[in-house]
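**Student:** Please work out how this folds:
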Amino acid sequence: MKRVRPRGVSGRRRYPERRTLLPRALALAALLVMLVGLAGWAWAKKNVTVTDGDRSWRVVTYRDTVAGVLAECGLRLGPHDTVSPAPEEKLRDGARIRVLRAVPVAVRVDGQTRRLLTAAGSVGEVLRGCGITLGRYDFVEPDSVSPVRAGMTIKVTRVDLRVEERRVPVPYRVVRRPDGHLARGLYQVIRPGRTGEELQRWEIVCHDGEPVHERLVDRRTLSAPRHQVVAMGVAGTVSRGGRIIHFREARDMRATAYTYTGNNCATGVAPAPGIVAVDPQVIPLGTGLYIEGYGYARAMDTGGAVKGQTVDVFFTTRDAALQWGVRQVRVYVLE
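**Tutor:** The predicted structure follows:
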């Protein structure tokens, strides 16, 4: 059957949109590609902050990783340097990259000194990097949160707490009792004392093995001390040859003898019977004395060998002095 074409209508003008559809599609695709590219460009752009030691600056980059930014900035890491985040980490806009340069430090611990290069940020990180752990009472100087500085010395002190038992003597006390039958200045032991003993427990704090502090935590008596009882003389008179002698004190002294030497006494007087030499630190010069077996005397001389509880009595002859010899005598210091 023969198709009849409508009058006034050409076959070429039936679909006019075919001539303009393709160019429009191409233009739209190009625009879309451009928008995607702009979006990708904007997405890939990142603003990051880089810190290297005391220097810090901002970087606009299209790199994807920390390592890429370091390379872009010309930063190289030494064998002991570190960077945070890690070099392989993906970058995000606003990221902060911190380069820690290794510095020399010394660590003193357990009697040894370790010297090393470290990029740790704090003293505690240095210790952890060395595998050093602190005990319950151990301490470190500077403290664990202190920042690391080049050339610093980190000292770890090991603190040991132990308990020690000790057997300790307990001294006895002296009980003094007045005795009117004993001359003033003399004493007599009535009952000797005896030292006791107790068991003490001490808490000792040691730093690196050396004791620095100790504290008594417990004590227990093993044997009680026995007090010493002493009779103290209070009598101020004594009868000799039918005479009552009043004295300030009595002393038991070592008595030697001497005779003429051709020199006067230390006080300037000539030696004579009744003149004796004493130690002026014990008996002042000029003091009146009564010496058992010798009689009344006065301290008027000194001597190089007359020291302490010693008195040197005078005799007119050498034979008498030799006959006296050396003896223990009781000396009464007169009032």
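**Student:** ok, then the element right after the helix or strand where Glu72 lies?
**Tutor:** Secondary structure assignment for Glu72, by DSSP states H and E: helix 66-73. Counting by DSSP H and E, the next helix or strand C-terminal to helix 66-73 is strand 82-84.
**Student:** need the helix or strand of this protein with the lowest average pLDDT.
**Tutor:** helix 18-44 (a mean of 57; mean pLDDT, DSSP states H and E).
**Student:** coming back round to it: give me the mean pLDDT for the helix holding Glu72.
**Tutor:** For helix 66-73, mean pLDDT is 87.
**Student:** Stretch 231-247 too?
**Tutor:** pLDDT averaged over stretch 231-247 gives 94.
**Student:** buried ones in it?
**Tutor:** By neighbour count with 16 or more other Cβ atoms under 10 Å, stretch 231-247 contains the buried residues 231, 233, 235-236, 238, 247. For the C-beta atoms, the positions are set from N, CA and C on the backbone; glycine is no exception.
**Student:** Tell me the span between the first and last residue of that stretch.
**Tutor:** Taking Cα to Cα, to the nearest Å, stretch 231-247 runs 19 Å from one end to the other.
**Student:** And it, how far out from the chain middle?
**Tutor:** Centroid separation for stretch 231-247 versus its chain: 60 Å, with Cα atoms, centre = their mean, to the nearest Å.
**Student:** go on, stretch 301-309?
**Tutor:** On Cα atoms, centre = their mean, the centre of stretch 301-309 falls 50 Å from that of its chain.
**Student:** show me where the stretch 201-335 of the chain has helices.
**Tutor:** 318-324 (DSSP state H, counting those that start in this stretch).
**Student:** thinking again about what came up before, show me what counts as buried in the helix holding Glu72.
**Tutor:** Result for helix 66-73 [16+ other Cβ under 10 Å]: buried residues 66-67, 69-70, 73.
**Student:** Output the contacting helices and strands for it.
**Tutor:** With contacts taken as 3 or more Cβ pairs under 8 Å, 6 or more residues apart in numbering; DSSP states H and E, helix 66-73 sits against strand 46-52, strand 55-61, strand 96-100.
**Student:** From the structure, what's the count of residues near the nearest residue to Gly151 once chain neighbours are set aside?
**Tutor:** In space, Gly151 comes closest to Pro104 once its chain neighbours are excluded; the distance is 6.2 Å by Cβ to Cβ, 6 or more residues apart in numbering. Per other Cβ atoms under 10 Å, the neighbour tally for Pro104 reads 12.
**Student:** List the beta-bridge partners for the residue nearest to Gly94 when sequence neighbours are not counted.
**Tutor:** Nearest residue to Gly94, sequence neighbours excluded (Cβ to Cβ, 6+ apart): Asn47, at 6.3 Å. Residues in a beta bridge with Asn47, per DSSP bridges, are Val60.
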